[in-house]
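>>> the sequence and its predicted three-dimensional model are supplied below.
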Amino acid sequence: MDIQRLKPHFPWITLLVLVIFVGLNDPNFLKPANLLSLAGDIVPLFIMALGLTFAIYIGGIDLSAQSMANMITVVASVYLASLGIWVALLCVAIGFALGMLSGFITTRLFVPSFISTLAVGGLCFSMAQWLSGNRALNMDAAERDALFGWMIGRTGIIPNELFLAVALLAICLFIERRTTLGRALKAVGAGELAAAASGVNVARFKMLAFAISGALAAVAGLLFAVKLSGGAPTIANGFLLPAIVAVLVGGTPLTGGVGGVLNTAIGTLIVAVIRASMLYFGVEATQQQMVFGLVLIAAIALTMDRSKLRTVK
Amino acid sequence: MYELKAVDKKFPGVHALKAVDFQVKRGEIVGLVGENGAGKSTLMKVIYGAYQPDGGTITIDGKTVRFQNPRQAMEKGIGMVFQEQSLISNLTVMENIFLGYEAQFVRLGVINWKAMAEAARKQLAKVKLDIDPATVTASLSFAQRQLVELAKVLTLEERVDGDLVILLDEPTSVLAEDEVKMLFRIVRDLTARASFIFVSHRMDEVMELSDRIYVMKDGAVVDVVNRGGATVEQIQHKMVGRNVDREYYREQRQKPYDDSRQLVKLEDVGLPGRISDISLTLHPGEVLCLVGTEGSGREAILRTIYGMRTPVTGHVTMKGARIERFTPQAAVAKGVGYVPRERKVEGIVAGMNVYENMTLSQMGHFSNAGVLRVGEERKLARDWIGKLSIKAHSEYADCGNLSGGNQQKVVLAKWRSGGSDIMLLDHPTRGLDIGAKEDVYEMIRDMCDDGVGVILVADTLEEAIGLSHTIIVLKDGRIQKRFDCEPGKKPSLYDLLHAMI
């Protein structure tokens, strides 16, 4: 059996091995209640990773996702009182528009996406600081529960976030597998020049990929704000690295074209298990980012298809 | 002295080499021919150490050897001159020649450029190339670069003891005729220093240069022919397994085109630095061939019609309507199809399957409000796989894994299935074997019968003459001459060359 054919199966094998490993060490880990609450807690990160998948699928990256989520927690906290439920629409629209901006900068001004999204991320951060006056904001608890309580409650023992996650995953999966948008994104990721020579409007689809990434980062921010009942310009810091890890460990390579949102779901679960095991093995919170950094390097170094990549810059 | 015995190589699902015996004697030039997918490249990779055989032995002077990588093979005197030019274009000639072996010129960490230039001159003398070793490689012609590559491989002579075996993979594909002659003269002179393995699609060249020719088919050596032991047709028969149509370019199927209608009309089109004052007309059923040297503006004309470039002067009219916005999307909507030269980069998307590739240019026809009707896509792909006899296990086959000819058929099917009736073909037969080339020629005639207009940039002048109704000769971005090419009254090679240069 050669390694290339096994490769697509690495993510879920990794997940299984990790679950068994942690389960053997910590019998409580495998209890359904524990697993479900673990899964529920990871949902904001998952939604961000879901969006990032689109950016990475076309061979780009979205480094603004975390700042976007940060800013949206502030926006949601500030405008919940005046806009009510419509604040959700505002958040998603802002995310979509700023993602579009990243895409515009990347495709029309020919700025690589890691720079354009980094810059747009800076924009988001400043807006969040300005809008919040650099303070942590609180939502009115009663209003939050009335309008967005359904997001964070429980149905039986299942956290409601999971329903949201599954619904978004289903939508994204549909986009990826069944729509012209998904097909075009695949073509752009796997062979951008051929897609362009086939008359595909590459620039438009690329912009859409970044817009989806921005919109989903906004949803992640909104959910996070609802969960914490408030927002602050740095509240979601520490999300970006695990979200990128989730996409890449899931099996969507930086070169794009393969993998997809289902892979990211598995990748996110891997991140969740790693996170839980760190708690169990007593890794301090301050060291968690380091672990994710190492996992990221290891994951890319082990899975990079070097035949496709001649040089790394 | 260099010998392969019963060498076997398997890949998942493919038996690439079946017990191949292969021998190179000292000072010999051995030809290697076969259709695409016959196993030539695999065999070469085994010889120069990129692949390790699964079975059989490799011996040099009777001693068994095993190479883990090309570097080990080089240490035993086996060098490779690559088809894709492997020189780094922004380095000087001497830096390229000694790339990776600069240590011999280094004193105290500093390179002695004079010594390197001297040594490089010695290597260049071997291939009779009289250029300054400090020339930047990018400024050399293709032929000169090919010779520099050869000189680079010949540095093995000083580095290894024992005999050299040098592989030449399609060395003539970018060379003009006199340059090929010069290369052959040099290779013959060099047989005093090395043996050669010569791989080419151009049968006449292989016959001219080689002392013996190995003919491969389906991963096995089907025959070894001595110089003068067989005619071109006989060898082609062995390669393909059937007789090659004498009417290679299907001239008997060339019918007059319909000059009452115009598909494309260019009037005084110009792109500064590329083309100027280009006027031409394409009619239904016509094959219009653009002939010229590299950089004469052939590709710029194709790309302008396809909307990838916007002309600065002049007008483009398609089917009676003046084109205002130049984008590929607009061109595709007008019925233009483009088969680019770089098939693997621009033609197909590797990693996507057959039906995804075929509908890429026409997803609008297979979707409602952005949702694809995959069932119809698959049916379309199955139809065209049958129609063009594309060798793919199903419509789910990854196009990146198909052979060159089948990839090209997928690209053609992409446009034809979408109803494109203005086809721009840029080197559509490049790198294809004879059987696949004939299939493409057949398809071009089929398209003409259907009233499609074809603008062709051919791989060779013979192909241009054989296929076209009209030939337009370009030089430095301007039209030099226009030839009508009715069957029986076709211009000769000489006529074309005379106008080109």
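Cool, the structure landed.

>>> so where's the chain uncertain?
You didn't say which chain, so I picked chain A. Counting by pLDDT under 70, chain A shows low-confidence ranges at A:1-4, A:303-313.

>>> please go with chain B instead
Looking at chain B by pLDDT under 70, you get B:12-14, B:36-37, B:83-85, B:173-174, B:242-247, B:501.

>>> how is it divided into domains?
Using automatic domain parsing, the domain ranges for chain B come out as B:2-240, B:252-348+B:419-500.

>>> near chain A, anything from the shortest one?
Yes: judged by C-beta under 8 Å from any C-beta of the partner chain, domain B:252-348+B:419-500 comes into contact with chain A at B:308, B:327-329, B:331-332, B:338, B:340, B:342, B:345-348. In short, each C-beta sits where N, CA and C put it, glycine included.

>>> returning to what we had before: save the domains of chain B as a markdown table, and put in distance to A:A141 too.
Formatted as a markdown table, those follow (distance: least, C-beta to C-beta, whole Å):
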| stretch | distance to A:A141 |
| --- | --- |
| domain B:2-240 | 60 |
| domain B:252-348+B:419-500 | 52 |
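
>>> ranking those by burial, who's on top?
Compared across these, domain B:252-348+B:419-500 shows the largest average neighbour count, a mean of 19 (mean count of other C-beta atoms under 10 Å in any protein chain shown).

>>> could you pull out the buried residues of stretch A:87-105?
Buried residues in stretch A:87-105, counted by 16 or more other C-beta atoms under 10 Å in any protein chain shown: A:87-88, A:90-92, A:94-96, A:98-105.

>>> now, the residues of domain B:252-348+B:419-500 next to chain A that are in helices?
B:328-329, B:331-332 (DSSP state H).

>>> circling back: what is the most widely separated pair among the residues of domain B:252-348+B:419-500 next to chain A?
The two members of the residues of domain B:252-348+B:419-500 next to chain A with the most space between them (C-beta to C-beta) are B:T327 and B:I348, at 21.4 Å.

>>> which secondary structure state does the residue nearest to B:K5 when sequence neighbours are not counted sit in?
Excluding its sequence neighbours, the residue lying closest to B:K5 (C-beta to C-beta, 6 or more residues apart in numbering or on different chains) is B:T57, at 5.0 Å. Under DSSP: H, G, I helix; E, B strand; the rest coil, B:T57 falls in the strand class.

>>> and B:T57, what does it touch?
For B:T57, the contacting residues are B:4-7, B:64, by C-beta atoms under 8 Å, 6 or more residues apart in numbering or on different chains.

>>> kindly report the same for B:K238.
Neighbouring residues of B:K238 by C-beta under 8 Å, 6+ apart: B:215, B:217, B:222-223, B:230.

>>> looking at these, which is nearest chain A?
Nearest to chain A among the contacts of B:K238: B:K217, at 26.9 Å, using C-beta to the nearest C-beta.

>>> what's across from that closest one in the sheet?
Judged by DSSP bridges, the bridge partners of B:K217 are B:A220.

>>> that one contacts B:E35, correct?
Yes: contact between B:K217 and B:E35 holds when scored by C-beta atoms under 8 Å: they sit 7.1 Å apart.

>>> okay, and the common contacts of these two?
B:239-240.

>>> which element is residue 122 on?
If you meant another chain, say so; for now it's chain A. helix A:113-132 (DSSP states H and E).

>>> my bad, chain B
Per DSSP H and E: helix B:113-126 holds B:K122.

>>> got the CA coordinates for that helix in CSV?
The C-alpha trace of helix B:113-126 is given here as CSV (Å, rounded to 0.1, in the frame of the first residue of the first chain):
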residue,chain,number,x,y,z
TRP,B,113,35.7,33.3,-12.1
LYS,B,114,38.7,33.3,-14.5
ALA,B,115,39.4,29.7,-13.9
MET,B,116,35.7,28.8,-14.2
ALA,B,117,35.4,30.7,-17.5
GLU,B,118,38.5,28.9,-18.8
ALA,B,119,37.0,25.5,-17.8
ALA,B,120,33.7,26.5,-19.3
ARG,B,121,35.3,27.5,-22.6
LYS,B,122,36.8,24.0,-22.7
GLN,B,123,33.4,22.4,-22.3
LEU,B,124,31.8,24.7,-24.9
ALA,B,125,34.6,23.8,-27.3
LYS,B,126,33.4,20.2,-27.1
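
>>> which elements pack onto it?
With contacts defined as 3 or more C-beta pairs under 8 Å, 6 or more residues apart in numbering or on different chains; DSSP states H and E, helix B:113-126 has these neighbours: helix B:93-97, helix B:142-154.

>>> how distant is that helix from the center of its chain?
32 Å (C-alpha atoms, centre = their mean, to the nearest Å).

>>> report the inter-axis angle for that helix versus helix B:142-154.
Counting by axes from the mean of the first three to the mean of the last three C-alpha atoms, to 10 degrees, helix B:113-126 lies at 110 degrees to helix B:142-154.

>>> just the contacts of B:K238: which are in strands?
B:215, B:217, B:222-223 (DSSP state E).

>>> which pair of these spans the longest distance?
B:K217 and B:D223 (8.9 Å).

>>> and the top helix by length along chain A, which residues are buried?
Longest helix of chain A, by residue count under DSSP H: helix A:202-228. By 16+ other C-beta under 10 Å, the buried positions in helix A:202-228 come out as A:202, A:205-228.

>>> quick one: contacts of the longest helix anywhere in chain B?
Assignment by DSSP H gives helix B:434-449 as the longest helix of chain B. Residues from elsewhere that reach helix B:434-449 (C-beta under 8 Å, 6+ apart): B:35-36, B:236, B:239-240, B:244-245, B:248-250, B:253-255, B:257, B:285-287, B:388-389, B:403-406, B:408-409, B:412, B:416, B:423, B:425, B:428-429, B:432, B:454, B:456, B:466-467.

>>> just the helices in the stretch 51-200 of chain A please.
A:65-83, A:87-108, A:113-132, A:141-152, A:160-178, A:180-197 (DSSP state H, counting those that start in this stretch).

>>> quick one: list the elements packing against the shortest one.
Of the remaining helices and strands, those touching helix A:141-152 by 3+ C-beta pairs under 8 Å, 6+ apart are helix A:65-83, helix A:160-178, helix A:202-228.

>>> which strands or helices does the first one pack on?
When you say that, I think you mean helix A:65-83. helix A:43-57, helix A:87-108, helix A:113-132, strand A:137-138, helix A:141-152, helix A:202-228, strand A:230-231, helix A:240-250.

>>> that helix vs helix A:202-228, what angle?
Using the same axes, to 10 degrees: helix A:65-83 against helix A:202-228 is 60 degrees.

>>> in helix A:65-83, which residues are buried?
A:65-78, A:80, A:83.

>>> wait, what's in contact with B:V339?
Per C-beta under 8 Å, 6+ apart, neighbours of B:V339: B:347, B:408, B:411-412, B:415, B:423-426, B:428.

>>> ok, 6 Å please
Each residue near B:V339 by C-beta atoms under 6 Å, 6 or more residues apart in numbering or on different chains is listed here: B:411, B:425, B:428.
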